[in-house]
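**Q** Got a predicted model here, sequence first, then my questions.
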Amino acid sequence: MVIGAGVIGTALAARLSGSGAEVWLLDGGEPGAGTTGSSMAWINAHSKNPRHYHDLAVSGMRAHAALVRETGPAAFAEGHGGEGAGWYRPGGALRWASGGPGLDVLRQTVARLRDRGYAAEWIPVPRARELEPAVRIDDGDRVAYFRDEAAVDPGPLVAHLLATARAGGVRVRTGGAARVVGVDTAGGRVRGVRCAGGETVAADVAVCCAGWRTPEVAALAGAYVPLVPGDAPGSEAPTLLAHLEPAAGAPRLTRMVLTPGLHARPLAGGRVYLEALDLNDEVDRHTPADRVAALARELLDRAHGVLPAVAATARLVGGRVCTRPMPPDDNAIVGWTDGAEGLYTVVTHSGMTLSLRLGELVAGELLSGREAPELAPYRPARFVR
């Protein structure tokens, strides 16, 4: 039983499919419609610490590349040499700074990543402009290029994983009636789950992949899994985001760009995802709609400075707040959960990067009963109620 059909849950279900085990996938919404669908979906190991977490993220990047090789041209999004209906957007990421603390941080980042054997290099501004003609970069900026990074379009990726899961016999139930409202236990062990529509599904193992709702789902079984709250002042969990919809014929962004005041990435149909770290501090799950709209307009104003030709005729759409699942120590939480035998939890920030590798590792643990050494640092037991 997998609870949650975001990218983590669907990746796990796809891995469990065809194994001979009876697998259900339940979600109270539509697949990928939660945090997964709002994610910047940057595939990277850019700022992952400590070293073991960096290494896990790198293995996640490799897992994405392996799936693309396995799938072939159909995996690539439009403009990247494939059939155009896929999810993968290679091309790396550009990050720049003009000076001060921002440049100091970027220098430290590049040095640390190069020491770890990661593809991180300084490139001249003219070269950066050649790579990404749609952006404005000042002559005095210092530009770093991370060529192995990528972005994915969450919708097509989740659809691919879901199709794989279904083809392998996974039973999928989504929508309001499939929302898990209870976890049945007997003798301290999970026996099944109850859904909002009245259906009860028997299960020996329940795997919670419910994203930021993980604490409440775990609590249904009497277990404790902490996440950074999404409604607390100054919380790192909420993200303000918006999309730009450029006019027909406008220049297109082709790769991830990380600037001092704006993060942007290409989306399907020429749209552009916008986010700014400092504006995330201004929102939570309860921020009024008019305030969210005002902050989204600030993202548009910044886009005029970074992506002038793209933003000049663009329409702002989709301004909203997304709640990210953020463990208290920023590292993944993966493993059997104290308080309810048979409850296994998988929740993490950077779920897009880690999803395929976690699906592989967790499926291996569940099917073989053997612990994966790679997951040892991420067990739920490190948190005390």
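**A** Received the coordinates, thanks.
**Q** where along the chain do the helices fall?
**A** 7-16, 35-38, 51-71, 100-115, 125-131, 154-167, 214-220, 277-280, 289-306, 308-311, 351-368 (DSSP state H).
**Q** For the closest residue to Arg15 other than its chain neighbours, which residues are in contact?
**A** In space, and not counting its chain neighbours, Arg15 is closest to Ala363: 3.7 Å by CB to CB, 6 or more residues apart in numbering. All C-beta spots, glycine's among them, are computed from the backbone N, C-alpha and C. By CB atoms under 8 Å, 6 or more residues apart in numbering, the contact list for Ala363 reads 12, 15-16, 19.
**Q** quick revisit: would you turn the helices of the chain into a markdown table with mean pLDDT and distance to Gly187?
**A** Formatted as a markdown table, these follow (pLDDT from 0 to 100; distance: least, CB to CB, whole Å):
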| stretch | mean pLDDT | distance to Gly187 |
| --- | --- | --- |
| helix 7-16 | 98 | 25 |
| helix 35-38 | 95 | 34 |
| helix 51-71 | 98 | 34 |
| helix 100-115 | 97 | 49 |
| helix 125-131 | 98 | 60 |
| helix 154-167 | 98 | 31 |
| helix 214-220 | 96 | 17 |
| helix 277-280 | 94 | 44 |
| helix 289-306 | 97 | 47 |
| helix 308-311 | 95 | 60 |
| helix 351-368 | 98 | 21 |
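**Q** Out of those helices, the one nearest Ala376 is which?
**A** Nearest of these to Ala376, taken as CB to CB: helix 51-71 at 8.6 Å.
**Q** For that closest one, buried residues please.
**A** 53-54, 56-61, 63-65, 67-68, 71 (16 or more other CB atoms under 10 Å).
**Q** returning to what we had before: redo the helices of the chain as TSV? Include distance to Val257.
**A** Output for the helices of the chain, formatted as TSV (distance: least, CB to CB, whole Å):
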stretch	distance to Val257
helix 7-16	23
helix 35-38	19
helix 51-71	18
helix 100-115	13
helix 125-131	9
helix 154-167	19
helix 214-220	31
helix 277-280	14
helix 289-306	7
helix 308-311	11
helix 351-368	17
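**Q** closest one to Arg252 among the ones you listed?
**A** Smallest distance to Arg252 across the helices of the chain (CB to CB): 7.3 Å, for helix 308-311.
**Q** from the buried residues of helix 51-71, which is closest to Arg112?
**A** Distances from Arg112 to the buried residues of helix 51-71, taken by CB to CB, are shortest for His54, at 8.8 Å.
**Q** ok, that closest one - contacts?
**A** Contacts of His54 (CB under 8 Å, 6+ apart): 45, 48, 116, 118.
**Q** quick one, what contacts the first one?
**A** In other words, Ala45. 54-55, 57-58, 60-61, 113, 118, 353.
**Q** hmm, back to that, figure out which of the helices of the chain is closest to Ala177.
**A** Counting by CB to CB, Ala177 lies closest to helix 214-220 out of these; the figure is 16.6 Å.
**Q** Sort out which residues of that closest one are buried, please.
**A** Buried residues in helix 214-220, counted by 16+ other CB under 10 Å: 214-215, 217-218, 220.
**Q** How is this structure divided into domains?
**A** 2-42+154-227+328-382, 90-149+231-323 (automatic domain parsing).
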